[in-house]
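Curious how this folds, go ahead:
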Amino acid sequence: MKFKYKSLLIPGALLGYGIIGIESDGLKMWNMEVQEEVYEHIDEHVSIDDFSQYFSIISTFSLDRAGLPAAHNYKDRAVILASSYIVMGGAVNALKYSVNAQRPDGSTFNSFPSGHTATAFMGAEFLWQEYKDSSIWPGIIGYSVALTTGMYRIYNDRHWVTDVAAGAGIGILSTKIAYWVHPLLSKILTRKNRKNQDIAVAFAPVISYRQKGLGVLLRF
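Here you go, the predicted structure:
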């Protein structure tokens, strides 16, 4: 994918909005107002966002069976997705444990940014890049699910609006970065593969009493 500065505008704006919200009194007030509205209309927490964040990631490896051609083969998609996840996970965790923002429910101090939202938008952008030339619908559906995931993070009192916006920006940027560096990474992996070293990519759920996530292993 050719680098285009214009493609940074939306994710950059989302991430910038979230970062500004860390110190902006006006945006903090907006966060509180949104949360108060949620409190007034909330009936019960729904954990669908724990699963919807992975919708696009799972979908990309099942659309082949539906006869929808992707832009890259299975191996390249796995490498791009692994690269995206590594960039996204590194950025999210670095910010979570440096900003130390308290969650709306008061449970922990790792609210900023939303990791669920970042994962969901990372996958949505991945679907868009892989299938936009075949059909725009996978990307549209992926982004719809990602938006829903972010909204449920607010609804479930786990994140502020600025957390979700920043997560969305990070997710989109992570996938774009993975596509930009893929040609170089592909050359490195091809060189390694010629030396008879196998390339393996594996994903596995990571579940503990403190967090749920998706682990990625890239071996080459």
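
only C-alpha atoms for contact and neighbour calcs from this point on.
Fine.

what about residue 85, distance to residue 93?
Distance, residue 85 to residue 93, using C-alpha to C-alpha, to the nearest Å: 12 Å.

These two: which has the busier surroundings?
residue 85 (23 against 16; other C-alpha atoms under 10 Å).

element containing residue 69?
Residue 69 belongs to no helix or strand when assigned by DSSP states H and E.

for it, what are its contacts?
Residues counted as contacts of residue 69 (C-alpha atoms under 8 Å, 6 or more residues apart in numbering) are 63, 131, 134.

One more pass at 7 Å, please.
Counting by C-alpha atoms under 7 Å, 6 or more residues apart in numbering, residue 69 touches residue 134.

so what pLDDT did it get?
Residue 69 is assigned 92 on the pLDDT scale.

Repeat that for the one 10 residues further on.
As predicted, residue 79 sits at a pLDDT of 91.

Tell me how many other residues crowd it.
Other residues close to residue 79 by other C-alpha under 10 Å number 22.

swap in the one 3 residues further on?
Residue neighbour count, defined by other C-alpha under 10 Å, stands at 21 for residue 82.

how close does it get to residue 110?
From residue 82 to residue 110 the distance is 24 Å (C-alpha to C-alpha).

With residue 180 instead?
To residue 110, residue 180 is 30 Å away according to C-alpha to C-alpha.

of the two, who's got more company?
residue 110 (20 against 16).

residues touching the spatially closest residue to the more buried one that is not a sequence neighbour, list them.
Take residue 110 and drop its neighbours on the chain: the residue closest to it by C-alpha to C-alpha, 6 or more residues apart in numbering is residue 96, 4.8 Å away. By C-alpha under 7 Å, 6+ apart, the contact set of residue 96 is 110, 111, 112, 113.

Show me what secondary structure element comes after the helix or strand that contains residue 96.
Element membership for residue 96, per DSSP H and E: helix 74-99. Next helix or strand after helix 74-99 toward the C-terminus (DSSP H and E): helix 115-131.

For that next one, which helices and strands make contact with it?
helix 55-60, helix 137-155, helix 161-193 (3 or more C-alpha pairs under 7 Å, 6 or more residues apart in numbering; DSSP states H and E).

Could you export that helix as CSV, CA atoms only?
Provided in CSV are the C-alpha atoms of helix 115-131 (Å, rounded to 0.1, in the frame of the first residue of the first chain):
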residue,chain,number,x,y,z
GLY,A,115,-7.8,-1.6,23.8
HIS,A,116,-11.0,-3.2,22.8
THR,A,117,-11.8,-0.3,20.4
ALA,A,118,-8.2,-0.3,19.1
THR,A,119,-8.5,-4.0,18.3
ALA,A,120,-11.9,-3.6,16.6
PHE,A,121,-10.8,-0.7,14.4
MET,A,122,-7.5,-2.4,13.6
GLY,A,123,-9.5,-5.3,12.2
ALA,A,124,-12.0,-3.1,10.4
GLU,A,125,-9.3,-1.2,8.6
PHE,A,126,-7.7,-4.6,7.7
LEU,A,127,-11.0,-5.8,6.2
TRP,A,128,-11.3,-2.6,4.2
GLN,A,129,-7.8,-2.8,2.8
GLU,A,130,-8.1,-6.5,1.8
TYR,A,131,-11.6,-6.5,0.3
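
List the contacts of it.
With C-alpha under 7 Å, 6+ apart, helix 115-131 has contacts from 53-54, 56-57, 60, 70-72, 92, 138-139, 142-143, 146, 149-150, 164, 167-168, 170-172, 174-175.

Now, of those, which are buried?
Neighbour counting over the contacts of helix 115-131 (16 or more other C-alpha atoms under 10 Å) leaves 53-54, 56-57, 60, 70, 92, 138-139, 142-143, 146, 149-150, 164, 167-168, 170-172, 174-175 as the buried ones.
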